[in-house]
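Q: model this:
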Amino acid sequence: MPLKSILHGKRIALRPLREEDAGFFARWYNDPEVMFECGFYEPTTLEEELKRIQRPEETDREWYAVTEKETGRLLGETGLLRMWPHWHCTDMSVIIPDPEDQGRGYGREAGRLMLDRAFHHYRFNRVSIGVVALNTKAVQYWERLGFRQEGIQEQGYFCHGEFSDFIMMRILKSEYCAAG
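A: Residues are numbered from 1 along each chain as shown. As a prediction, this is how the structure comes out:
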C-alpha cells in the first residue's frame, strides 16, 4: 500500500502513526475507563504499542493519528479496518481517549474525514461499527455521525462482572451523501 498522505480537516489533521505516539497509546489504553469504552480486555505495554505502530501497513486496514491541526498535539486515532473492496464495505474506529478532549468536536471531525475517505476514495458502499451498549456516549456519537442500529448481539460483551449488549451499527453511502 502506498504511503498515506495527511488528511486535513478544519481543526484536526489525520497523519500516519509514528513511533513517538506509542507512549500516548500505552498510557491511555491502560486506563480502566478507556479499556471499558473501547472493549479492550487486556492491558497493553509500550513495547506492544511500538510493535503495532511499526508493523507494515496491511491492505485490509488504514490507521491515522488524530492531531490538532495548529499544534500537532496527539488526540487519538482513527481508521478503517476489515476493508473488503470486493464487497464494498469496511468497519471503522475513532478513539479520542482523554475526557478533556471528548465532546469538543475532534471525534466528529475525524469521523467525517474517515467516512469521506471510505465513501469517496475507496468507493465503499457501507461502513459499520460495533458498540458496547453500556457505552451510551459512543452510541450517541455514532448516531450523530449518521449511523443506524441494525442489530444487537444480546449479552455479547462482558466487563466488570456484567454482561452488556453489543450494538451493530452502519451507515450507507447514500445516507451519508444525502446528509451532506
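
Q: now the residue located most distally from the centre of the chain: how far from residue 41?
A: Distance to the chain centre peaks in the chain at residue 161, reaching 25.6 Å (criterion: C-alpha atoms, centre = their mean). As judged by C-beta to C-beta, to the nearest Å, residue 161 and residue 41 stand 13 Å apart. Where you see a C-beta, it was placed from the backbone N, CA and C, and this is true even at glycine.

Q: I'd like to know how many residues surround residue 99.
A: Residues lying near residue 99 (other C-beta atoms under 10 Å) number 11.

Q: And for it, nearest residue in space, chain neighbours not counted?
A: Spatial nearest neighbour of residue 99, excluding adjacent residues (C-beta to C-beta, 6 or more residues apart in numbering): residue 33 at 7.9 Å.

Q: Next: residue 128.
A: residue 170 (4.2 Å).

Q: Could you do residue 135 as well?
A: The shortest distance from residue 135 to any non-neighbouring residue, by C-beta to C-beta, 6+ apart, is to residue 37 (5.0 Å).

Q: Give me the phi and psi angles of that neighbour.
A: Backbone torsions for residue 37, taken as degrees, to the nearest 10, come to phi -60, psi -30.

Q: Ok, residue 113 next?
A: For residue 113, the backbone dihedrals (degrees, to the nearest 10) come out as phi -60, psi -40.

Q: before we move on, the earlier item: distance check, the residue farthest from the centre of the chain against residue 5.
A: Residue 161 is 45 Å from residue 5, by C-beta to C-beta.

Q: buried residues in stretch 78-96?
A: 78, 79, 80, 83, 89, 90, 91, 92, 93, 94, 95, 96 (16 or more other C-beta atoms under 10 Å).

Q: The closest residue to the second one other than its chain neighbours - how many residues pack around it?
A: Right, the one you point to is residue 79. Distances taken as C-beta to C-beta, 6+ apart place residue 63 nearest to residue 79, at 3.8 Å, with adjacent residues excluded. A count of nearby residues for residue 63, using other C-beta under 10 Å, gives 18.

Q: Where does residue 63 fall, secondary structure wise?
A: strand 61-68 (DSSP states H and E).

Q: Partner strands of the next helix or strand after that strand and their direction?
A: In the C-terminal direction, the helix or strand that comes right after strand 61-68 (DSSP H and E) is strand 74-84. Here strand 74-84 has these sheet partners by DSSP bridges: strand 61-68 (antiparallel), strand 89-95 (antiparallel).

Q: got those strands as TSV, with distance to residue 174 and mean pLDDT columns?
A: Formatted as TSV, those follow (distance: least, C-beta to C-beta, whole Å; pLDDT from 0 to 100):
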stretch	distance to residue 174	mean pLDDT
strand 61-68	23	95
strand 89-95	14	96
